[in-house]
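A.B. asks: what's the 3D shape of this:
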Amino acid sequence: MALVESLSLEIGQRMPDFELADPAGQKYALKRLMGSSGILVVFTCNHCPYALAIWPRLIRLANWAREEGVATVAINSNIHPNYPDDAPDRMQEKIRQWGIEFPYLVDETQSVARAYHAQCTPDLYLLDAEQNLFYHGRLDDNWKSEADVSRKELQMAIHALIECEEPPADQVASMGCSIKWQA
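C.D. replies: Coordinates of the predicted model:
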């Protein structure tokens, strides 16, 4: 497991469109998923301890954000034979087990992860309604322990987005396991 941080990207840049399928084969396009205020795009997986630690918080935050006009989509780019826990059938198990109500999509070719310059799981991108990057950072200040969180940076960024405020000036990189790139 290689620990890496998300890359620093230019806030305000337009992020690429994509169309991916969920593990059952249903296709989703970014434009159709977009909420009235924007969308949270999360590159994640089933096996990384960093991703696993924040999944419950992410699900709760997504439910709150949906009520505020911000949709969520999760993307698994770790479709790699050496990581069977991240296979699409295992994704379906996690969707049921965790009660994930937003699309959890398969990026089998890893093209969307590459287009977004995603590096780790989790790698979080908050886009405004015009698909411009508003926030690219961590969920909060303690990935290990929700009880020890003192600063909910992503939630604060979502609040700023829906209130039409400026993007947060301080965006701390997310960190986690490296995406398992195919050759």
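
A.B. asks: all strands for this structure, in order.
C.D. replies: 3-5, 19-21, 27-29, 38-44, 70-76, 104-106, 120-121, 123-128, 133-135, 175-178 (DSSP state E).

A.B. asks: Relative to residue 144, which of those is closest?
C.D. replies: Closest approach to residue 144 among those is made by strand 175-178 (11.4 Å; Cβ to Cβ). Every C-beta, even on glycine, is put in place using the N, C-alpha and C of the backbone.

A.B. asks: Dump the C-alpha coordinates for the closest one into CSV.
C.D. replies: Below are the C-alpha coordinates for strand 175-178, written out as CSV (Å, rounded to 0.1, in the frame of the first residue of the first chain):
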residue,chain,number,x,y,z
MET,A,175,-4.4,11.2,1.2
GLY,A,176,-4.8,7.5,0.8
CYS,A,177,-3.7,4.4,-1.1
SER,A,178,-2.4,5.0,-4.6
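
A.B. asks: Which elements pack onto that strand?
C.D. replies: Applying 3 or more Cβ pairs under 8 Å, 6 or more residues apart in numbering; DSSP states H and E, one finds that strand 175-178 makes contact with strand 3-5, helix 49-67, strand 120-121.
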